[in-house]
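**Q** Generate a structure from the sequence data that follows.
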Amino acid sequence: MAIQHPSLRRKGRGATFDPHNRFAPTHSEAIDDGWWQEALPERLATTVRDEPAKSALSWNQSPDLGFDRSLNPYRGCEHGCIYCYARPSHAYWDLSPGIDFETRLIARIGLVERLREELCKPGYECRPINLSGNTDCYQPLEAERRTTRSILELLLACRHPVTLVTKSALILRDLDLLSEMADKHLVRVFISLTSLDDELKRTLEPRTASPKARLKTMHELSAAGIPTGALLAPMIPGLNDHEMETLLQAAHDAGARTAAWTLLRLPREVAPLFEEWLITYYPQRASKVMSLMRQCRGGQANDSRFGQRMRGQGVFAELLAQRFSKASKRLGLGRRVEMGLDCSGFRAPHVQGDLFL
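**A** Okay, the predicted model is just below:
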């Protein structure tokens with residue numbers, strides 16, 4: 001039974017409420033009936049439950065993505081980015097896409113073993129794996145569980161290419177593995193940049209690395225010879241889109257070789273969560289931001305069609321695309337597809353003797 005609480009700012013959290021779980025058979029709402037009730041805590045602790053992994057790789061056929069397989073060590077994400085398109089997936093585990101998504105996490109146990117089994121299957125065709133397709137594989141939980149590092153160790157031993165996307169400086173912990181993979185053309189990394197404004201970051205992406213830390217991370221990865229790019233995601237009309245050129249310049253100065261961008265997506269429960277967040281933290285901009293978003297989405301808050309969901313449509317969306325193209329060209333920043341990875345050296349784990357014993 002999902003209980004929707006009144007809107008409330010919680011320090012270090014992105015969502016201001018828990019929207020109803022659309023799969024739940026009942027729906028309850030908290031109301032003030034005049035009786036005294038204990039106030040909800042301002043700070044909410046993070047809890048983690050283990051889930052035995054039944055499989056490892058997730059497959060897609062989306063023409064909008066540059067990969068057909070991905071790997072997600074964790075469900076939910078403590079980073080708490082209010083705009084995260086992965087939030088609706090939390091409903092599949094009888095949890096809310098709101099506060100639950102960032103406070104009630106699921107760690108997938110045995111994932112490396114399942115991946116090893118899948119890489120050994122007859123007929124497996126090696127193509128880059130994306131880490132992660134949903135939630136950040138370097139969120140704070142990774143410092144304790146180290147699942148992402150174990151995955152990288154396996155992929156390096158197999159000579160299997162991988163792409164990583166993160167907002168976290170924790171990726172520098174694995175610099176030794178990433179450097180060796182880069183020498184073999186097996187890895188490329190994208191650091192997600194949303195804003196250089198610390199105050200905006202604090203509420204938009206509450207538990208992520210600071211803008212300064214992300215640029216420093218990008219610099220250290222690039223200096224170590226690891227192909228590094230910047231992912232400007234999401235661009236939010238009326239909120240951070242004015243930073244596009246500044247973000248690209250900062251990424252270039254930090255050593256980025258490539259860049260890409262996406263427009264804000266608001267699927268399912270993300271739309272009311274984001275709009276409530278706007279009203280809570282940026283009330284004077286809320287109506288303008290949502291108006292611009294609807295202009296980019298054919299009059300709706302979201303457009304899930306292939307070819308439209310990442311870029312949008314209309315005058316404002318076209319202007320963003322032109323600005324990005326012009327600034328990237330001026331700075332010499334390429335596209336993701338230009339960072340080729342080597343799939344020719346892949347060897348299935350089972351042919352490597354006792355390496356994994």
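
**Q** pLDDT score for residue 42?
**A** Looking at residue 42, its pLDDT reads 61.

**Q** Wait, residue 231 touches residue 192, no?
**A** Yes - Residue 231 lies in contact with residue 192 (C-beta atoms under 8 Å); the separation is 4.8 Å. Where C-beta positions appear, they are placed from N, C-alpha and C, glycine not excepted.

**Q** Could you name every residue contacting both of those two?
**A** Residues touching both residue 231 and residue 192 by C-beta atoms under 8 Å, 6 or more residues apart in numbering: residue 165.

**Q** what residues are up against residue 13?
**A** If a contact means C-beta under 8 Å, 6+ apart, then residue 13 has 44, 80, 99, 102, 103, 206 as its contacts.

**Q** What is the burial count for the fifth one?
**A** Using other C-beta atoms under 10 Å as the criterion, residue 103 is surrounded by 22 other residues.

**Q** Tell me where the model's unsure across this structure.
**A** Residues of the chain meeting the criterion pLDDT under 70: 1-7, 20-43, 336-339, 350-357.

**Q** Now with 90, please.
**A** Applying pLDDT under 90 to the chain flags residues 1-44, 60-67, 92, 132-134, 302-311, 334-340, 350-357.

**Q** Which stretches in it count as helices?
**A** Along the chain, the segments classed as helices by DSSP state H run 99-103, 111-119, 141-145, 147-158, 175-183, 198-204, 211-223, 244-253, 270-281, 286-296, 315-331.

**Q** nearest to residue 85, of the ones you listed?
**A** Nearest of those to residue 85, taken as C-beta to C-beta: helix 270-281 at 6.3 Å.

**Q** just how off-centre is that closest one within its chain?
**A** Distance of helix 270-281 from its chain centroid, counting by C-alpha atoms, centre = their mean, to the nearest Å, is 19 Å.

**Q** now the helices of the chain in TSV, with distance to residue 261?
**A** As requested, the helices of the chain are exported to TSV (distance: least, C-beta to C-beta, whole Å):
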stretch	distance to residue 261
helix 99-103	24
helix 111-119	30
helix 141-145	26
helix 147-158	25
helix 175-183	24
helix 198-204	16
helix 211-223	15
helix 244-253	7
helix 270-281	18
helix 286-296	13
helix 315-331	5
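
**Q** from these, which stretch is densest packed?
**A** Most buried of those, by mean neighbour count (mean count of other C-beta atoms under 10 Å): helix 99-103, with a mean of 26.

**Q** Other residues contacting that one?
**A** With contact meaning C-beta under 8 Å, 6+ apart, helix 99-103 is reached by 10, 13-15, 17-18, 44-47, 76-80, 84, 86-87, 90, 95, 207.

**Q** Kindly report the same for stretch 63-70.
**A** Defining contact as C-beta under 8 Å, 6+ apart, one finds that stretch 63-70 is touched by 57-61, 127-134, 163, 306-307, 309-310, 336-337.

**Q** Mind doing that once more with 6 Å?
**A** Stretch 63-70 has contacts (C-beta atoms under 6 Å, 6 or more residues apart in numbering) with 57, 58, 59, 128, 129, 130, 133, 306, 310, 336.

**Q** Let's see which of those end up in strands.
**A** Using DSSP state E, 57, 58, 59, 129, 130 are the members of these that sit in strands.

**Q** Is it correct that residue 328 is in contact with residue 257?
**A** No - the pair residue 328 and residue 257 fails to qualify as a contact (C-beta atoms under 6 Å) at a distance of 11.2 Å.

**Q** Report the beta-bridge partners for residue 263.
**A** On the basis of DSSP bridges, residue 263 is bridged to residue 235.

**Q** Pull the contacting residues for it.
**A** Here residue 263 is in contact with 235, 311, 312 (C-beta under 6 Å, 6+ apart).

**Q** Kindly report the same for residue 189.
**A** Shown in contact with residue 189 (C-beta under 6 Å, 6+ apart): 164, 221, 226, 228.

**Q** out of the residues you listed, which are inside strands?
**A** Of the contacts of residue 189, the ones assigned to strands by DSSP E are 164, 228.

**Q** so can I have JSON lines of the contacts of residue 189 showing distance to residue 173?
**A** Listed next are those as JSON lines, based on distance: C-beta to C-beta, whole Å:
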{"residue": "164", "distance to residue 173": "13"}
{"residue": "221", "distance to residue 173": "12"}
{"residue": "226", "distance to residue 173": "13"}
{"residue": "228", "distance to residue 173": "16"}
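
**Q** Mind checking which of the contacts of residue 189 are buried?
**A** Among those, those classed as buried by neighbour count (16 or more other C-beta atoms under 10 Å) are 164, 221, 226, 228.
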